[in-house]
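1. Provided below for reference: sequence and predicted model.
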Amino acid sequence: MSAATLTVYRDDGPIAGALGRVAAKVPAAALALVAALPLVAALAIEGDGASDALAGVVVGWAIVLGSLSRARTETGRFRWGVPPLIRLTEYAGLLWIGALGDALPAAFALVCALAYRHYDLVYRLRHRGVTPPRWVDLAGLGWEGRLLLGYVLLLAGALPLAFYVLAGILGVVFVAESVIGWTHDTRRVTTVYEEEEDEGQ
Amino acid sequence: MTTGVTETQPQVPAPAPQPAAAPPAVATAILLATAPGEDGEAAALLEWEETTVLGRLADQAASVGARTIHVITRPDWATEVEHALEDSETGLALLEGADPKLAPTLRVERSEDPASDLRAIGRIAAEAAGGLLIAHGEVLTQREAIAGLAADPRVSTGVLATVGRVGRPFAQRTRSARGRVVSAASPYHGVNKPTTTFLGVLKVADVDRPALGAIAERLGELVAPPLPEGWPDELQRKMGIWRAVLARAAWREEMDAERPDADLFDDNSTPELELPENPQDIALSDEDEAEIARRAKVVPNDVAAMLVTGLVREGVPVGVSHLRKLFWARPITQAGVDRAAQDIREHDEEKDLLDSSVKAADGFFTTFFVSPYSKYIARWCARRGFTPNQVTTVSVIIGFVAAAAFATGERWGLIAGAVLLQIAFTTDCVDGQLARYTRQFSKLGAWLDSVFDRTKEYAVFAGLAIGYAASHADDVWALAGAALTLQTIRHMTDFAFGAARQQVIGEAKQPPLEHSSDRVGAAARLPAPPTPQQPEEPVAEQEERKVSLPRRILGSWRKVDRAPGAIWIKRMCAFPIGERFAVMSITAALWDAKVTFVVLIAWGLFATTYTFAGRFLRSVSR
């Protein structure tokens, strides 16, 4: 596995790419945890009764701090906590936005499409040693781009239709690209396979 | 020193690329018939049925795809080796005029000593095309063991190894972590805290061939006398360990003979054998003394083990293919071969293979409620000629039908969905077992299996939530979303933790090849203490006194595994796929989707806490 594996797992977009150049002194796992906490707390306490303003503040906080955690993703003892914390932020955020817009089934569909993408990132790196092409990363907007877009769509009152459309487009792009990638695989790379693994089950 | 080459067949053009099927991972085999047996003859030339041990191995190498088979042997044995190869099935096929495009080329290389063996390997590595298979010519194992290593595309460069005990102590030990060899012993290199044993068969991927060639050249320089500092001591230390191990084995046999009911007592009730400080003073039976004397002549020729050490020390990722339940031996006397022949006949290869097809570390539900019968379905599929990918596809289709049944929200739908989900899960176990059973591994198959597993699980979540909303006034979309988020996060933590561990292993500094010890830094230059009392973990004992608290907690936590059933409870705590699918089926069939999601989330949260605690301790104890 390359040294940047965990960065690939993050699935960052342009905002995190830009903010992530600022190398914060705080370990990435701590930043990612602080980024996720207010969102999870607000979701747990207020549920679908939260105001749009509150949602905006905690989603914005999560985007900024989560993006800042990018720089030190590959170092630190608890670096393995960074990608799952980013996923928690993203999925919980999108499902919450869905709940606020009375569009939970649509948000569920969107998260399913994203789950495909995130498992595929892991499996293609593990089995083939490659990452998706740049255009797919851009088309996917990155986790922080999707959170921002989701919040804008909520304010615009475009839910649930917009989430269904987004889930459809992203699902088709992610699945089609990964299937084409697999059928046109010619690269030969050294990969390490863990026979004793009981993870990923 | 000369290294002559005899060709038993003129060079044939490279075989035409096979359509459809992928090219074999191994194109060239190097068999080392350099170990002396009883009477100064090559041990590899010992008789095996109609042929020799070497001939059998050459046939096995040919059957896993080797197009060129080089046999490196001593000049005195070369003529006999040529005869032996002619008598092998491969050789006979050539004589009978088999299509030269299909039959492999056999070459005998004359080599004086280990240094020139290594140079010959370096030359072959530079000239050959495709992957290499390097094996001791005396290895007696089932074809499937070699095929398992050669045909598995997921192991690029790797060794055949076992975590079990191989009867005698003469094979070189290795330490592996997360499917990768992190330290390997050779006659002149020690390994601290070994976990596995190298079984004398090494596969080198095409991409790693240049590295192997350089390592073989370097080792060739190092083993040419005089040996580097510390190397002779390490060899002496190993032989001291053999003496201790053989003495203990004889002692144990004696004790068992005296107390046939010893098994009824606790292990500790058997008095420990006191061994003298100096291994040379250990008294052994004449038979054991003779065996050690023979092995002492064999071990300096173990260049395959040296190459593994070299690859690991140079940072080439070396994977592990496990022997599992198959048979392996490396006899060097005719009596040893006859004993192995007896044992291998008692082994039912078919049954061994089927038992080996079951995944080693599976969960409780899968191991006890699915694998016992799913392996017979796998065998049935193999006989019918179904491929693993077809089975995977069937499994995901059944999974989708189960999700659709759940989506009705009716009682019959929930029950039908529960049954179908279990069928889908069984089918899902079958595909992996079929792949292992028929050695039809592919990266695409591994990917399909992984992706479809998730697809099935999350499709069922959606089906359950749709069904619940259709039949109730409220809905469970929030619970479904929470369950999906939790499960994805749990997987992502596994993946990220694994990747972080791989980074640590990959970046770990390896000591230079000249060092006998596998320790980096100041301790490395100190010769390992010759401690026959604790041959397996000489250095670990000294460290015991200054271990940190997290390490001690982890240590005692691992000791819990020895209690009966503890390992299964631990695995259940982690909430593996078999348990999750069982929970989904049972709760949905008996109650409704809300109960399913609540149980999934509760058990999932418990599992998250449990695994997080373990990983937290491992991260702070480093």
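-> Yep, it's here. It should be emphasised that the depicted structure is a prediction, and the values quoted were computed from it without experimental measurement.

2. spatially central residue for chain A, please.
-> In chain A, the residue lying closest to the centroid (C-alpha atoms, centre = their mean) is A:W143, at 3.8 Å.

3. what about chain A, any weak spots by pLDDT?
-> Applying pLDDT under 70 to chain A flags the ranges A:1-3, A:185-201.

4. leaving out chain neighbours, which residue sits closest to the residue nearest to the centre of chain A?
-> Nearest residue to A:W143, sequence neighbours excluded (C-beta to C-beta, 6 or more residues apart in numbering or on different chains): A:E90, at 4.2 Å. All C-beta atoms are positioned from the backbone trio N, CA, C, and that covers glycine.

5. my read is that that neighbour contacts A:R146, right?
-> Yes: if you go by C-beta atoms under 8 Å, A:E90 and A:R146 touch, sitting 6.8 Å apart.

6. identify the contacts common to those two.
-> Contact criterion C-beta atoms under 8 Å, 6 or more residues apart in numbering or on different chains; residues shared by A:E90 and A:R146: A:L114.

7. which residue of those two possesses the greater neighbour count?
-> A:E90 (28 against 20; other C-beta atoms under 10 Å in any protein chain shown).

8. list the contacts of that one.
-> Applying C-beta under 8 Å, 6+ apart, the residues near A:E90 are A:L114, A:W143, A:R146, A:L147.

9. make TSV out of these and add secondary structure.
-> Below are these laid out as TSV (DSSP: H, G, I helix; E, B strand; the rest coil):
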residue	secondary structure
A:L114	helix
A:W143	helix
A:R146	helix
A:L147	helix
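
10. redo those residues as JSON lines? Include distance to B:L45.
-> Converted to JSON lines, the contacts of A:E90 look like this (distance: C-beta to C-beta, whole Å):
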{"residue": "A:L114", "distance to B:L45": "62"}
{"residue": "A:W143", "distance to B:L45": "64"}
{"residue": "A:R146", "distance to B:L45": "67"}
{"residue": "A:L147", "distance to B:L45": "70"}
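
11. list just the nearest of those to B:K456.
-> A:L114 (17.5 Å; C-beta to C-beta).

12. any idea how far the closest one is from B:F400?
-> 20 Å (C-beta to C-beta, to the nearest Å).

13. and A:T183, how far is that from B:P153?
-> For A:T183, the distance to B:P153 - C-beta to C-beta - is 16 Å.

14. the more surrounded of those two?
-> B:P153 (18 against 8).

15. so that one: helix, strand or coil?
-> coil.

16. thinking again about what came up before, okay, A:L114 and B:F400: which has more neighbours?
-> A:L114 (24 against 17).

17. residue contacts, the more buried one?
-> A:E90, A:Y91, A:L94, A:R146, A:L170.

18. and of these, the nearest to chain B?
-> Compare each of these with chain B using C-beta to the nearest C-beta and the shortest gap goes to A:Y91, at 4.1 Å.

19. is it true that the closest one touches B:L484?
-> Yes: if you go by C-beta under 8 Å, A:Y91 and B:L484 touch, sitting 7.4 Å apart.

20. follow-up on the earlier one: can you tell me the element the residue nearest to A:W143 falls in?
-> Of the helices and strands defined by DSSP states H and E, A:E90 is found in helix A:82-100.

21. and what about B:L307, helix, strand or coil?
-> Following three-state DSSP, the label given to B:L307 is helix.

22. quick one on the thing from earlier: render the CA-only coordinates of the helix holding A:E90 in PDB, please.
-> What follows is helix A:82-100, C-alpha atoms only, in PDB (Å, rounded to 0.1, in the frame of the first residue of the first chain):
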ATOM      1  CA  VAL A  82      -9.200   9.900  10.400                       C
ATOM      2  CA  PRO A  83     -11.000   8.200   7.400                       C
ATOM      3  CA  PRO A  84     -13.800   6.700   9.600                       C
ATOM      4  CA  LEU A  85     -14.400  10.100  11.300                       C
ATOM      5  CA  ILE A  86     -14.600  11.800   8.000                       C
ATOM      6  CA  ARG A  87     -17.200   9.200   6.900                       C
ATOM      7  CA  LEU A  88     -19.100   9.700  10.100                       C
ATOM      8  CA  THR A  89     -19.200  13.400   9.500                       C
ATOM      9  CA  GLU A  90     -20.300  13.000   5.900                       C
ATOM     10  CA  TYR A  91     -23.000  10.300   6.300                       C
ATOM     11  CA  ALA A  92     -24.500  11.600   9.500                       C
ATOM     12  CA  GLY A  93     -24.500  15.200   8.000                       C
ATOM     13  CA  LEU A  94     -26.200  14.100   4.800                       C
ATOM     14  CA  LEU A  95     -28.800  11.900   6.600                       C
ATOM     15  CA  TRP A  96     -29.500  14.800   9.000                       C
ATOM     16  CA  ILE A  97     -29.900  17.300   6.100                       C
ATOM     17  CA  GLY A  98     -32.300  14.700   4.600                       C
ATOM     18  CA  ALA A  99     -34.300  14.500   7.900                       C
ATOM     19  CA  LEU A 100     -34.500  18.300   8.100                       C
END
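
23. buried residues, it. List them.
-> A:82-100 (16 or more other C-beta atoms under 10 Å in any protein chain shown).

24. and for stretch B:106-115?
-> Buried, per 16+ other C-beta under 10 Å, within stretch B:106-115: B:L106, B:R107, B:V108, B:E109, B:R110, B:S111, B:D113, B:P114, B:A115.

25. now do the end-to-end distance for it.
-> 22 Å (C-alpha to C-alpha, to the nearest Å).

26. distance between that stretch and the chain's centre?
-> The chain centroid and the centroid of stretch B:106-115 are separated by 29 Å under C-alpha atoms, centre = their mean, to the nearest Å.

27. mind listing the helices for chain A?
-> Per DSSP state H, chain A carries helices over the ranges A:5-10, A:14-19, A:28-46, A:52-68, A:82-100, A:104-128, A:134-140, A:142-155, A:161-183.

28. if we can go back for a sec, okay, and the common contacts of A:Y91 and B:L484?
-> Common neighbours of A:Y91 and B:L484 (C-beta under 8 Å, 6+ apart) are A:V111.

29. hey, where'd the strands end up in the stretch 501-622 of chain B?
-> Applying DSSP state E, counting those that start in this stretch to the stretch 501-622 of chain B gives no strands.

30. looking at the contacts of A:E90, which one is closest to chain B?
-> Nearest to chain B among the contacts of A:E90 is A:L114, at 8.8 Å by C-beta to the nearest C-beta.

31. measure the closest one to B:A257 for me?
-> From A:L114 to B:A257 the distance is 66 Å (C-beta to C-beta).

32. so how many other residues sit close to the nearest residue to A:G66 once chain neighbours are set aside?
-> Spatially, and ignoring its direct neighbours in sequence, A:G66 is nearest to A:A35 (4.1 Å; C-beta to C-beta, 6+ apart). Residues within reach of A:A35, counting by other C-beta under 10 Å, total 24.

33. A:A35 touches A:A62, doesn't it?
-> Yes: if you go by C-beta under 8 Å, A:A35 and A:A62 touch, sitting 4.7 Å apart.
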